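Peer 1: need a structure here:
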Amino acid sequence: MTAIAITLGAVLLAAALFLIVVILLQDKAKRGLSGALAGGTGASYNGKNNVSKQGKLLPKLTTIVSIVFVVLVLVAYLFA
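Peer 2: As a prediction, this is how the structure comes out:
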């Protein structure tokens, strides 16, 4: 294996683990389709519009990490 393939594999593994952790840290009662299917109410203990910084950061972080993960998978596929 080349050094690029080993490095890309390690970065891909780290991104996958980080993505799993970020998804698990998110609030369980989200609005939207998954909240509707799972029975989420959309209102929290602190109030409907009172969202913490963690509540604002994690969805953005999840989107960024998932896009990086998909790009890494495509690059790994091209190098294989």
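Peer 1: max-length helix in this protein?
Peer 2: helix 53-79 (DSSP state H).
Peer 1: For it, enumerate the helices and strands it packs against.
Peer 2: Under the contact definition 3 or more CB pairs under 8 Å, 6 or more residues apart in numbering; DSSP states H and E, helix 53-79 sits against helix 3-25. For the C-beta atoms, the positions are set from N, CA and C on the backbone; glycine is no exception.
Peer 1: list the buried ones in the helix it packs on?
Peer 2: For helix 3-25, burial by neighbour count (16 or more other CB atoms under 10 Å) applies to 8, 12, 15, 19, 22.
Peer 1: what's the answer for stretch 67-80, then?
Peer 2: Buried residues in stretch 67-80, counting neighbours by 16+ other CB under 10 Å, are found at 69, 72.
Peer 1: quick revisit: please produce a markdown table containing the buried residues of helix 3-25, extended by distance to residue 65 and pLDDT.
Peer 2: Output for these, formatted as a markdown table (distance: CB to CB, whole Å; pLDDT from 0 to 100):
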| residue | distance to residue 65 | pLDDT |
| --- | --- | --- |
| 8 | 16 | 90 |
| 12 | 12 | 92 |
| 15 | 6 | 92 |
| 19 | 5 | 92 |
| 22 | 6 | 89 |
